[in-house]
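# Okay, structure incoming, though there's no sequence with it:
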């Protein structure tokens, strides 16, 4: 009788082959056939397990091979008047040289290849493993490798050097635990691997697993180089596109659909939304969506770009072309608001002739400023004629998970990790958290979590997250506070950067070289930040 473990492992491999495989026992009863065999003779014969081969294919030569005990290679077999197949038949023998069955290999008439050189199923399996470019190994139920090819051995050596060998073991253990297929991806700057394991089950008993490692390094590197090239071009152009937004929520979809409609006009556009909701990104996207994409995109903050603001509000800017994005309009003085209103009215009358597109934003509600007497009512009315509202994460919690997955991919590249998934408890914690700076804070939290995770971790867990319990109390209520001393985005980012560097230094016992490597910084850059944030 054919060894059941070897037989089951062979079946897993045979199912992936282009050649058709038919296996009969020593009586001529069909024991197995793969999908390719079924496809090749479909319409002429209907293969069935436990049926005699002659009852299915009366002209089959399998019984002859069982009787003569001799192999027959590359024989032409006519399945119809027009269609032929190449069939090779091999007797299967046990250690006592007794015939226990026969194997038929079906090939298309234009596929004449000789890859069998032995009658034994074990030799057949070994040959398939060794000749396959993909890395394969057969592992018993104790986790011992009983058969492997050279490709597997080479990749195993690489993973040992990278201290990632335990991921292969975890992949097998998952199969042994669940008795189901398991898959895991390992992606770093130097290689990209997909590890798959399939259980080998004989008569309901788990005997081991067939493990494969697919090396996608070259393809991934080519894709990465292409993406890097695109990124460089985009950065040179300072260009965002609508497809760069990551979302699933209907509220975000509505905002972007509005932007596409408004983007074609030259009206002054007002973008409303909390800090970190993507107002700059949307303004730049609209610029690139419009005819102004061939001209300059300029960002002006009333407090940090005073000279550019004065130039914008002057009456001599009629020749300006492109798009101006004016951030935080509530930082304008009443006099500057009056000048802005005059400019908007003028552009409204001369819309056809104007080559300058103005986009205005505010991270706080203008209604509060209006009620406090700090904002012109007429300017408010003018801005509200054409506005888009970008919802915060608290109003689009379904976007948090896809955003987090996207940021994790970026952080993996920066830190050399391969965290590919977020456990359910961590997802719930991220969705329940009250974000003060929305997407910016989400990314900062994930960056710190990646640092806290172990090097071999592939799943981000709730224990990796540091979520402030008092964030809701300490959060600046931008809907109620209208203060020119509010912290800027760069100041908030610096605060998070300080925490991340400090935590990493502590975790690595003050090792600055290792800290720089973990954070994806040069040692020189790290020392600069240590001095800047007084962390020395």
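Alright, I've got the coordinates. Predicted model only: the values in this text are computed from it and were never measured.
# Thought residue 434 was touching residue 467, still the case?
No: under the criterion of CB atoms under 8 Å, residue 467 makes no contact with residue 434, lying 9.0 Å away. From N, CA and C alone the C-beta is placed, and that goes for glycine too.
# residues shared between the contacts of these two?
Here residue 467 and residue 434 share no contacting residue, scored by CB atoms under 8 Å, 6 or more residues apart in numbering.
# As a check, name the ranges of all helices in the stretch 351-500 of the chain.
In chain order, the stretch 351-500 of the chain shows helices spanning 366-371, 377-383, 400-415, 424-432, 439-452, 471-474, 489-507, with DSSP state H, counting those that start in this stretch as the criterion.
# will you turn these into TSV that also has mean pLDDT?
As requested, the helices of the stretch 351-500 of the chain are arranged in TSV below (pLDDT from 0 to 100):
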stretch	mean pLDDT
helix 366-371	85
helix 377-383	92
helix 400-415	89
helix 424-432	93
helix 439-452	89
helix 471-474	38
helix 489-507	75
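# which of these is buried the deepest?
Mean neighbour counts were taken over the helices of the stretch 351-500 of the chain using mean count of other CB atoms under 10 Å, and the top value, a mean of 21, falls to helix 439-452.
# circling back: including distance to residue 225, could the helices of the stretch 351-500 of the chain go into CSV?
Putting the helices of the stretch 351-500 of the chain into CSV (distance: least, CB to CB, whole Å) gives the following:
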stretch, distance to residue 225
helix 366-371, 46
helix 377-383, 44
helix 400-415, 13
helix 424-432, 32
helix 439-452, 24
helix 471-474, 40
helix 489-507, 29
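# among these, which is nearest residue 41?
Checking the helices of the stretch 351-500 of the chain against residue 41 by CB to CB gives helix 400-415 as the closest, at 45.4 Å.
# The closest one to helix 439-452, inter-axis angle?
Orientation check (axes from the mean of the first three to the mean of the last three CA atoms, to 10 degrees): helix 400-415 against helix 439-452 gives 50 degrees.
# measure the residue nearest to residue 320 when sequence neighbours are not counted to residue 292 for me?
Once its chain neighbours are removed from consideration, residue 320 has its nearest residue in residue 356; the separation is 4.5 Å (CB to CB, 6 or more residues apart in numbering). For residue 356, the distance to residue 292 equals 8 Å [CB to CB, to the nearest Å].
# And for residue 269?
The spacing between residue 269 and residue 292, counted by CB to CB, is 12 Å.
# So which of the two has more stuff around it?
It is residue 269, of residue 269 and residue 292, that has more neighbours when counted by other CB atoms under 10 Å, with 25 against 20.
# List the contacts of stretch 160-174.
Stretch 160-174 is contacted by residues 139, 143, 156, 159, 182-184, 186, 188, 191, 195-197, 209, 211, 213, 455-456, 458 when judged by CB under 8 Å, 6+ apart.
# shared neighbours of residue 356 and residue 292, which are they?
Counting by CB under 8 Å, 6+ apart, the residues touching both residue 356 and residue 292 are 321, 322, 323.
# In PyMOL, how would I select just the buried ones from the residues you listed?
A single PyMOL command is used to select the members of the shared contacts of residue 356 and residue 292 judged buried by 16 or more other CB atoms under 10 Å:
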select buried, resi 323
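# what about residue 240, helix or strand, and which?
Residue 240 is part of no helix or strand, with elements assigned from DSSP states H and E.
# for residue 31, same thing?
Applying DSSP H and E as the criterion places residue 31 in strand 30-33.
# which residues of the stretch 1-150 of the chain fall in helices?
If you assign secondary structure with DSSP H, counting those that start in this stretch, the helices in the stretch 1-150 of the chain sit at 4-14, 35-40, 53-56, 62-68, 121-131, 150-161.
# And stretch 191-207, what's buried?
By neighbour count, and taking 16+ other CB under 10 Å as the criterion, the buried residues in stretch 191-207 are 191, 192, 193, 195, 196, 197, 198, 199, 200, 207.
# If you could redo that for stretch 285-298, that was the one I meant.
By neighbour count with 16+ other CB under 10 Å, stretch 285-298 contains the buried residues 285, 286, 287, 288, 289, 290, 292, 295, 297, 298.
# what sits against residue 449?
Under the criterion of CB under 8 Å, 6+ apart, the contact partners of residue 449 comprise 460, 464, 465, 466.
# Can you give me the neighbour number for the nearest residue to the first one once chain neighbours are set aside?
What it means is residue 460. Spatial nearest neighbour of residue 460, chain neighbours left out: residue 422 (4.6 Å); criterion: CB to CB, 6+ apart. The burial count assigned to residue 422 is 24, neighbours taken as other CB under 10 Å.
# how far away is residue 422 from residue 288?
Summarising the geometry, the distance separating residue 422 from residue 288, computed by CB to CB, is 31 Å.
# returning to that earlier point: the strand holding residue 31 - what's its average pLDDT?
Averaged across strand 30-33, the pLDDT comes to 90.
# do the same with stretch 526-536
77.
# circling back to that earlier point, thought the residue nearest to residue 320 was touching residue 325?
No: using CB under 8 Å, residue 356 and residue 325 do not qualify as a contacting pair, with a distance of 11.7 Å.
# Which secondary structure element of the protein has the lowest mean pLDDT?
Within the chain, confidence by mean pLDDT, DSSP states H and E is lowest for helix 471-474 among all helices and strands, at a mean of 38.
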